[in-house]
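Peer 1: Pasting a predicted model and its sequence here:
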Amino acid sequence: MTADPEPEPAPTSRRLGLGAAVILVIAALAVTVAIGIFRGAAAPIEQVASGGSATDAATPAPLYAHVSGAVVSPGLYVLDAGARVVDAVAAAGGFARDADQAAVNLARPVTDGEQLHVPRAGEASAAAAAGDSSAGLIDLNAADAVTLETLPRVGPALAQRIIEWRDANGRFTAIEDLLAVPGIGDKMLDSLRDLVRV
């Protein structure tokens, strides 16, 4: 019986090619893992208060506004945070035909829980004729800086502080809230009490 001939060893070039392919695959995997680790380390971590989710922490609370008066559909509306009077009027279907549009500051920010009344043409003058005690008083929750400056001893800086307080804290609920505005003390409050309303 003759012995089978021994197999010839694989050529060196073929072994080198196979080894190089294995090394390339391992190198590609290492680069992929390194990129994944780098991206994971660079990603920001969102901290969320217990009981909430990441989207809850980033989403500001909506505003509730009661729109009444001369609008197409008066009612309670939920508005996005940062909404302005123009958004509230639009949510209520827009102005009614008899609305006194000039009496409404469309650019004013809406505060949560506000009742926004759109007067009808001639409504303000009718209230004054009927002896309404609030007619002619400056509304602390609606007045702009120019209107506030018509008050005695209220200049541009103080008018701006009143508006900033309102923006930061919401509506004035009582005239006495003016005491929380820097620069207004008891004496000044007494001089303003009969000139403003909330």
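Peer 2: Received the coordinates, thanks.

Peer 1: how many neighbours does the residue nearest to residue 108 when sequence neighbours are not counted have?
Peer 2: The shortest distance from residue 108 to any residue other than its chain neighbours is 5.0 Å, reached at residue 85 (CB to CB, 6 or more residues apart in numbering). In short, each C-beta sits where N, CA and C put it, glycine included. Look at residue 85: counted by other CB atoms under 10 Å, it has 20 neighbours.

Peer 1: Tell me which residues touch residue 85, please.
Peer 2: 104-110, 116 (CB atoms under 8 Å, 6 or more residues apart in numbering).

Peer 1: Strands - which of those residues land there?
Peer 2: Within the contacts of residue 85, residues falling in strands by DSSP state E are residue 116.

Peer 1: Taking the contacts of residue 85, please make a ChimeraX selection of just the buried ones.
Peer 2: Provided next is the ChimeraX selection string for whichever of the contacts of residue 85 are buried by 16 or more other CB atoms under 10 Å:
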select :104,108,109,110,116
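
Peer 1: So which of the contacts of residue 85 is the closest to residue 26?
Peer 2: residue 109 (60.7 Å; CB to CB).

Peer 1: And that closest one, how close does it get to residue 167?
Peer 2: Counting by CB to CB, to the nearest Å, the gap from residue 109 to residue 167 is 6 Å.

Peer 1: before we move on, what about residue 110?
Peer 2: 11 Å.

Peer 1: what lines up beside the strand ranked longest in the chain in the sheet?
Peer 2: In the chain, taking DSSP E as the definition, the longest strand is strand 63-69. Next to strand 63-69 in the sheet, as set by DSSP bridges, lie strand 75-79 (antiparallel), strand 114-118 (parallel).

Peer 1: What is the subsequent helix or strand relative to the helix or strand bottoming out on mean pLDDT in the chain?
Peer 2: Lowest on mean pLDDT, DSSP states H and E among the helices and strands of the chain sits helix 123-129, with a mean of 50. Counting by DSSP states H and E, the next helix or strand C-terminal to helix 123-129 is strand 138-139.

Peer 1: Run through the neighbouring helices and strands of that following strand.
Peer 2: Under the contact criterion of 3 or more CB pairs under 8 Å, 6 or more residues apart in numbering; DSSP states H and E, strand 138-139 touches strand 196-197.

Peer 1: May I ask which helix or strand encompasses the closest residue to residue 152 other than its chain neighbours?
Peer 2: Counting by CB to CB, 6+ apart, residue 191 is the residue found nearest to residue 152 once chain neighbours are left out, at 5.9 Å. In this assignment (DSSP H and E), residue 191 forms part of helix 186-192.

Peer 1: residues in contact with that helix?
Peer 2: For helix 186-192, the external contacting residues (CB under 8 Å, 6+ apart) are 151-154, 175-176, 178-179, 184.

Peer 1: Can you give me the domain boundaries for this structure?
Peer 2: The record's domain parsing of the chain by automatic domain parsing lists 58-132, 137-198.

Peer 1: I'd like those as TSV, with distance to residue 24 appended.
Peer 2: As requested, those are arranged in TSV below (distance: least, CB to CB, whole Å):
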stretch	distance to residue 24
domain 58-132	44
domain 137-198	62
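
Peer 1: Sweet, I'm off.
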